[in-house]
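1. show me the folded form of this:
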Amino acid sequence: MVRLLNPKNTASHTVFFLSLARNRFAIASKHILHSVFRRKFMEETGDRETSSNSQMNYETVPENEDFPKPLSLPPPELSRQVEYDRAMRAEAAVKAGPALSRNEFIYEDEWMIAVNKPLGVYCEHVLSSIPGLLASSPSSAGTVNDVHPLELHLANRLDRDTSGVMIITKLHKIAGQLVKAFTDRKVRKTYLALCIGPAPKWNNIYIESGHGRSKFGAWRVYSKTDVGRILPGGTVVREMATHLKVLAVNANHRMHHDSVDEAQNSSQGIAFDLEEDKFVTLGDNGSMDSIEKLVVTEQNSEVAGLDCDIVSSPNIRKNDEVLIRASPLSGRTHQIRLHCQYMGLPLRGDVKYEGPHTWKGITYANHALHAESLCFEHPVTGNMVQLHAPLPQWVMEAY
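-> As a prediction, the model looks like this:
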């Protein structure tokens with residue numbers, strides 16, 4: 001049977017179906033959010049518990065097994081309590097209400113929404129907040145109606161304490177296309193990080209390494225030559241590549257063709273050339289900045305001056321505030337945080353990866369990492385979409 005809708009009642013039907021979708025989504029979210037937060041808590045605090053059906057039982061790893069050697073330091077003991085406190089605050093935020101408001105919407109069309117994710121909340125909390133926000137603004141609902149019900153998906157994810165651009169798609173088909181674009185490395189991403197450590201001599205550096213979990217599940221940096229080797233949990237070392245560019249040291253600009261302000265208003269700056277399969281960084285006049293390259297191996301890790309203990313010891317070596325723009329090629333968990341730690345420049349507040357919990361007398365509840373921009377081809381229109389999240393205050397102060 002075909003039901004015809006009175007055009008005059010279209011708006012009310014839209015509100016009805018949005019409310020229905022919101023209620024169903026809320027019920028489902030109520031049942032899954034607790035398990036999601038428990039899993040994330042275990043991952044982020046280094047909880048060694050393993051379920052009976054887990055494929056990664058680190059407690060039964062043979063001591064004499066010849067596994068790859070991690071080249072970055074493990075999380076310090078302090079990080080466990082810090083991560084616990086932060087996870088509890090994020091879970092409390094769920095009970096307090098939506099993770100964001102309409103003010104955090106950066107972009108919206110019929111097929112997707114881009115938001116400026118607040119720090120201190122999980123992506124799942126952001127996702128569960130969207131139906132209510134759409135229901136409160138039926139005019140922006142796009143394809144959400146009785147023919148095309150709400151089908152929300154996270155196209156990309158950010159760490160709990162990372163703010164910035166995050167995309168939620170409205171249809172299954174669009175979600176699949178965007179996720180594939182991320183997987184195929186057709187999405188250009190830039191992040192801003194405030195690091196604490198000795199100011200580096202390099203301005204631009206491209207880092208290639210391995211990435212994987214060590215014996216007790218912590219993410220670590222491995223040698224590039226170890227890519228493909230088996231790790232204690234049964235997974236393998238995977239390749240990881242990041243471009244880091246120093247923008248400012250102690251709020252003094254490094255001389256580059258691009259800047260924080262220019263990146264907010266143009267597509268120039270650091271990018272990955274899809275045709276040439278390499279990173280390039282272009283200025284306004286089309287010239288290319290030189291980029292150093294570091295391939296991480298066990299041998300050069302011993303001499304490259306990458307001892308993270310130095311970073312937390314101001315009496316041994318001066319610590320600076322270094323504002324970095326990071327462009328990840330691969331999409332590994334905690335990738336930028338790991339590579340910054342490895343380079344002796346951990347993020348402020350990133351206790352898990354050797355960053356200072358307290359800096360200049362202030363104890364920070366989050367790490368200083370912001371997803372600045374995304375650039376990709378629209379899966380429906382084919383047009384290039386450039387999304388920029390508003391800059392947090394700490395970026396403006398550091399620049």
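
2. next, count neighbours for residue 220.
-> The number of residues packed near residue 220 is 26, by other CB atoms under 10 Å. Using the backbone N, CA and C atoms, a C-beta is placed for each residue, glycine as well.

3. quickly find the element holding the residue nearest to residue 72 when sequence neighbours are not counted.
-> In space, and not counting its chain neighbours, residue 72 is closest to residue 221: 3.9 Å by CB to CB, 6 or more residues apart in numbering. In the assignment (DSSP states H and E), residue 221 maps to strand 219-222.

4. after the longest strand anywhere in the chain, next one along is what?
-> Looking across the chain with DSSP state E, the single longest strand is strand 238-249. Sequence order places strand 252-253 as the next helix or strand after strand 238-249, per DSSP H and E.

5. strands paired with the strand holding residue 221, and their directions?
-> Strand 219-222 pairs in its sheet with strand 204-213 (antiparallel), by DSSP bridges.

6. tell me what angle the strand it pairs with forms with strand 238-249.
-> If you take axes from the mean of the first three to the mean of the last three CA atoms, to 10 degrees, strand 204-213 sits at 140 degrees to strand 238-249.

7. identify the bridge partners of the residue nearest to residue 72.
-> With DSSP bridges as the rule, residue 221 is bridged to residue 211.

8. what's the burial count for it?
-> 27.

9. quick one: it and residue 70 touch, right?
-> Yes. Residue 221 lies in contact with residue 70 (CB atoms under 8 Å); the separation is 6.7 Å.

10. got the buried residues for the longest strand of the chain?
-> For strand 238-249, a neighbour-count test (16 or more other CB atoms under 10 Å) marks 239, 240, 241, 242, 243, 244, 245, 246, 247, 248, 249 as buried.

11. and stretch 170-179, by the same measure?
-> Result for stretch 170-179 [16+ other CB under 10 Å]: buried residues 170, 171, 174, 175, 177, 178, 179.

12. any chance of CSV for the residues you listed, columns secondary structure?
-> Below are those laid out as CSV (DSSP: H, G, I helix; E, B strand; the rest coil):
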residue, secondary structure
170, coil
171, coil
174, helix
175, helix
177, helix
178, helix
179, helix
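
13. may I ask which helix or strand of this protein has the lowest mean pLDDT?
-> Between all helices and strands in the chain, the lowest mean by mean pLDDT, DSSP states H and E belongs to strand 269-273, at a mean of 47.

14. other residues contacting the strand holding residue 221?
-> 68-72, 74, 209-214, 237, 240, 296, 332-334, 338-339, 341-342 (CB atoms under 8 Å, 6 or more residues apart in numbering).

15. again, only this time at 10 Å
-> Identification of contacts with strand 219-222 by CB atoms under 10 Å, 6 or more residues apart in numbering yields 43, 67-75, 207, 209-214, 229, 231, 237-240, 296-298, 301, 306, 332-335, 337-339, 341-343, 352-353.

16. pLDDT (mean, whole number) over it?
-> Averaged over strand 219-222, pLDDT sits at 97.

17. okay, it in PDB with CA atoms only?
-> What follows is strand 219-222, C-alpha atoms only, in PDB (Å, rounded to 0.1, in the frame of the first residue of the first chain):
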ATOM      1  CA  TRP A 219      50.600   1.300  21.600                       C
ATOM      2  CA  ARG A 220      54.300   1.800  20.800                       C
ATOM      3  CA  VAL A 221      56.600   2.900  18.000                       C
ATOM      4  CA  TYR A 222      58.500   0.100  16.200                       C
END
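
18. and the helices in this structure?
-> Secondary structure of the chain, counting by DSSP state H: helices at 10-45, 77-96, 123-135, 172-183, 260-265, 298-301, 335-342, 393-398.

19. helices or strands next to the third one in the packing?
-> If you count contacts as 3 or more CB pairs under 10 Å, 6 or more residues apart in numbering; DSSP states H and E, helix 123-135 packs onto helix 10-45, helix 77-96, strand 105-108, strand 112-117, strand 153-154, strand 163-169.
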